[in-house]
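# here is my input, please return the structure:
(chains A and B)
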Amino acid sequence: MIRYILSKFMFMLLSLFLLITATFVLMNAVPGSPLQSEKATSEQVQKNLEAYYGLDKPLIVQYGTYLKNLVKGDLGISMKKKFQSVDKMIASSFKYSLKLGVSAIVTSVVAGSVLGIVAAMYHRKFLDNLAMIIAVIGLAIPSLVLAPLLQYLFAVKLRIFEVAGLNGPMDYVLPTIALASGPIAFIARLLRSTMIEVLNADFIKTAKSKGLSGYVIVMRHALRNSMLPVVTYLGYLTAGIITGSVVIEEIFGIPGIGKYFVQSVTDRDYPLIMGITIFYAIILMVTRFLADIAYVFVDPRMRVSGGKAGK
Amino acid sequence: MSRRVDIDSARHLAPEMFEKISRDRVGAEEVGRKSLTAWQDIRIRLLGNKLAMTGFWIIVVIMLCAIFVPVLSPNDHFTNDLANTNKAPSAAHWFGTDDLGRDLLERTWKGAQISLFVGLMAALIDLIIGIVYGGIMGYYGGKVDEVMNRFAEILYSIPYLLVVILLLVVMEPSLTTIIIAMSITGWINMAWIVRGQIMQLKNQEYALASKSLGAGAMRIIFRHLIPNAMGPILVTLTLTVPSAIFTEAFLSFLGLGVQSPVASWGTMIDDGISAMTIYPWRLLFPAFFLSLTIFAFNVFGDGLRDAFDPKLKK
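Next comes the predicted model:
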């Protein structure tokens, strides 16, 4: 098992390193210098600026410096935002994104599981059909469409929520729903199909014949065995939430990282793009790594065979 | 319990409890159900799935509209008409007009062309790379498989959207760029599906027979194995289209996709959001057709998967 975790960890570091390198190469492959501006600057000023950012050194040296600073947590300086440091910008905006992201993840897992369990318990009955209709609609309407519709309906027409901004806990409701709708649908379908399979397994029949109530069977025996694919999905869920939050933060005017990311891309602010990309990548790969480890603890088969049972 | 009763009553059998069958009733030996080939079976199951067929017909109608509406409609999708800006839907402009007076019916279906084109092209490229790469991985196995699989795994572990966005920052935003960027990591899923299928199929007798007749690896893979793996490949292909359509809308929304004045559902939604409180139709039409298309492809793909699943055979 330790070997399994170690190999996953090394794999994560390798992917991260490759992504950082690829990002660096891509950003340096862009024609034109980020320091160019419409104002004519004298050659001396240009040179001083380049020296300030370390752009006069050969690429490989710049790459080394970047990696060294990265390990220390220094992501460089934004080129468009009046010389703010990228890591401070990320740190100040991350708290909003984190709150939104965590509430969306919790909502997706809880609501998705409830829908999935209900659908599986009432397989081929009315509640199953209802849950699956909700799930198909949730999958079909992208957050890009759902967010403005929610805004229009609940904020503009019914005036229950604020249209945009983040002033209280109520302001998280609409963005959370918009972000979580897709994952809720996905988890519900995933859990339903595995649960239906598990409910037909022999050990469930044993539990039934022991006289356990339906609730105990589902909660104590079936659920744990059905959660495996959901645990695997958690890593991808985080990716989906991060991606989605880029759009949602833009639509709801939330000053999170996603909003900075969009801005940095339109501004072509390369240090900021790189910083956020790497930051996102670290979050994603760490969650995927944690999901891999969690898998070992949820699935007893993995403990016995030392990680050979999985893919 | 009931079986015990049956056995008891069996002790008191009387001749009148039996029915005599004459020799000429040969029909009793016949197989009741007509024998069907796998594809006939799949077609019957697919045609019987109402939701999937609804999805299929929605896709057909949307495709026909995307082809014919821009040709037949008298308006033009990027001619500005500043006398008629932000008009609500009417007989002259069925879907209304936008802030530059452009006809939204025309723009919605021009946008559909772009979305469908991106979706289908992305799926096609995934298919080609995935089949070749996955086919080689699965057929040769061993060291070749290990190296190629590692490479795919590393590429896959890099978040898809970050790669797409990074590439779009570096390259000029255009339709081709979007498709290339999406294909860079998009093919991996298909390759894994094909690999799994080939691994299962390559030891079947017909593959061995072909090999012993002297057929080369490529001939076996493409003539014998891939056609037999068509089910999972088709399902993956169908489900790639909606995600590609969504990604295009997402990128266009962020300003990284197609550039104005060309219409795309993503850019139209982006424009529509800013105007939604006063001119809601500018948001509603592109938003509705984007959702409808994604819905249709999803339910059709699901139905296809069910149709190919022999466990669901009735």
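# give me the next element, helix or strand, following the helix or strand of chain B with the lowest mean pLDDT.
Here the helix or strand of chain B ranked lowest by mean pLDDT, DSSP states H and E is helix B:2-10, holding a mean of 53. Next along the chain after helix B:2-10, taking DSSP states H and E as the criterion, comes helix B:38-48.
# same for that following helix, what does it pack against?
helix B:50-72, helix B:281-308 (3 or more C-beta pairs under 8 Å, 6 or more residues apart in numbering or on different chains; DSSP states H and E). Glycine gets a C-beta too; all of them are placed from N, C-alpha and C.
# any part of the last one near chain A?
I take that to be helix B:281-308. Yes - using C-beta under 8 Å from any C-beta of the partner chain, we find that helix B:281-308 touches chain A at B:283, B:287, B:290-292, B:294-295, B:298-299.
# which residue sits closest to the spatially most central residue of chain B, ignoring its sequence neighbours?
In chain B, the centroid-proximal residue (C-alpha atoms, centre = their mean) is B:T238; its distance is 1.1 Å. Of all residues not flanking B:T238 in the chain, B:G301 sits nearest, at 3.8 Å (C-beta to C-beta, 6 or more residues apart in numbering or on different chains).
# residues contacting that neighbour?
Residues near B:G301 by C-beta atoms under 8 Å, 6 or more residues apart in numbering or on different chains: B:235, B:238-239, B:242.
# closest to B:F308 out of these?
B:F308 has its nearest neighbour among the contacts of B:G301 in B:V235, at 6.4 Å by C-beta to C-beta.
# show me what contacts that closest one?
B:301, B:304-305, B:308.
# try A:P271
A:P271 touches A:75-79, A:86, counting by C-beta under 8 Å, 6+ apart.
# Three-state assignment for it, please.
Under DSSP: H, G, I helix; E, B strand; the rest coil, A:P271 falls in the helix class.
# pLDDT wise, what is it at?
On pLDDT, A:P271 comes in at 82.
# how near is it to B:L166?
14 Å (C-beta to C-beta, to the nearest Å).
# do you know which of the helices and strands packed on helix B:38-48 lies nearest A:S213?
helix B:281-308 (32.1 Å).
# what angle sits between that closest one and helix B:38-48?
140 degrees (axes from the mean of the first three to the mean of the last three C-alpha atoms, to 10 degrees).
# what about helix B:281-308, average pLDDT?
Helix B:281-308 shows a mean pLDDT of 89.
# for the stretch 101-250 of chain A, which residues are neighbours of chain B?
So far as C-beta under 8 Å from any C-beta goes, the stretch 101-250 of chain A lies against chain B at A:136-137, A:139-142, A:144-145, A:148-149, A:151-152, A:156, A:239, A:242-243, A:246-247, A:250.
# state the number of residues packed around the closest residue to chain A within the stretch 1-150 of chain B.
In the stretch 1-150 of chain B, the residue that lies nearest chain A is B:L51 (8.1 Å; C-beta to the nearest C-beta). Close neighbours of B:L51, defined as other C-beta atoms under 10 Å in any protein chain shown, add up to 15.
# contact partners for the residue in chain A that chain B sits nearest to?
Residue nearest to chain B within chain A (C-beta to the nearest C-beta): A:A140, separated by 3.3 Å. Residues counted as contacts of A:A140 (C-beta under 8 Å, 6+ apart) are B:291-292, B:294-295, B:298.
# let's see that with 10 Å instead.
By C-beta atoms under 10 Å, 6 or more residues apart in numbering or on different chains, the contact list for A:A140 reads A:181-182, A:185, B:55, B:242, B:290-299.
# same check, this time on A:G64
Here A:G64 is in contact with A:57-58 (C-beta under 10 Å, 6+ apart).
# work out for me the element it sits within.
Using DSSP H and E, A:G64 falls in helix A:59-71.
# list the contacts for the nearest residue to A:V163 once chain neighbours are set aside?
Counting by C-beta to C-beta, 6+ apart, A:A155 is the residue found nearest to A:V163 once chain neighbours are left out, at 4.2 Å. Contacts for A:A155 (C-beta under 10 Å, 6+ apart) come out as A:161-164, A:171, A:174, A:252, B:277.
# do you know how far A:A155 is from A:P175?
Counting by C-beta to C-beta - A:A155 and A:P175 are separated by 11 Å.
# joint contacts of those two?
A:161, A:164, A:252.
# give me the number of residues near the first one?
Residue neighbour count, defined by other C-beta under 10 Å, stands at 19 for A:F161.
# okay, who's weakest in the shared contacts of A:A155 and A:P175 by pLDDT?
Out of the shared contacts of A:A155 and A:P175, that is A:A164, at 72.
# where does it land in three-state SS?
A:A164 ends up coil, using three-state DSSP.
# quick one: contacts for it?
Neighbour list for A:A164: A:151, A:155, A:171, A:174-175, A:251-254 [criterion: C-beta under 10 Å, 6+ apart].
# the same query, at a cut-off of 7 Å, please.
A:252-253 (C-beta atoms under 7 Å, 6 or more residues apart in numbering or on different chains).
# of the contacts of A:A140, which pair is most distant in space?
Greatest spatial distance among those (C-beta to C-beta): A:S181 and B:G55, at 19.6 Å.
# which stretches of the stretch 151-300 of chain B form strands?
Remark: no strands are assigned in the stretch 151-300 of chain B by DSSP state E, counting those that start in this stretch.
# in it, what residue comes closest to chain A?
For the stretch 151-300 of chain B, C-beta to the nearest C-beta, closest residue to chain A: B:F295, 3.3 Å.
# which residue, other than its chain neighbours, is closest to that residue?
Of all residues not flanking B:F295 in the chain, A:A140 sits nearest, at 3.3 Å (C-beta to C-beta, 6+ apart).
# tell me how many other residues surround the residue lying closest to B:V258 once chain neighbours are set aside.
Leaving aside its sequence neighbours, B:V258 sits nearest to B:S264 (C-beta to C-beta, 6+ apart; 4.5 Å). Using other C-beta under 10 Å, B:S264 has 29 other residues around it.
# contacting residues for B:S264?
B:111, B:114-115, B:248, B:252, B:257-258.
# per-residue confidence at residue 64?
Just so you know, I chose chain A. The model's pLDDT for A:G64 equals 85.
# please go with chain B instead
For B:L64, pLDDT reads 94.
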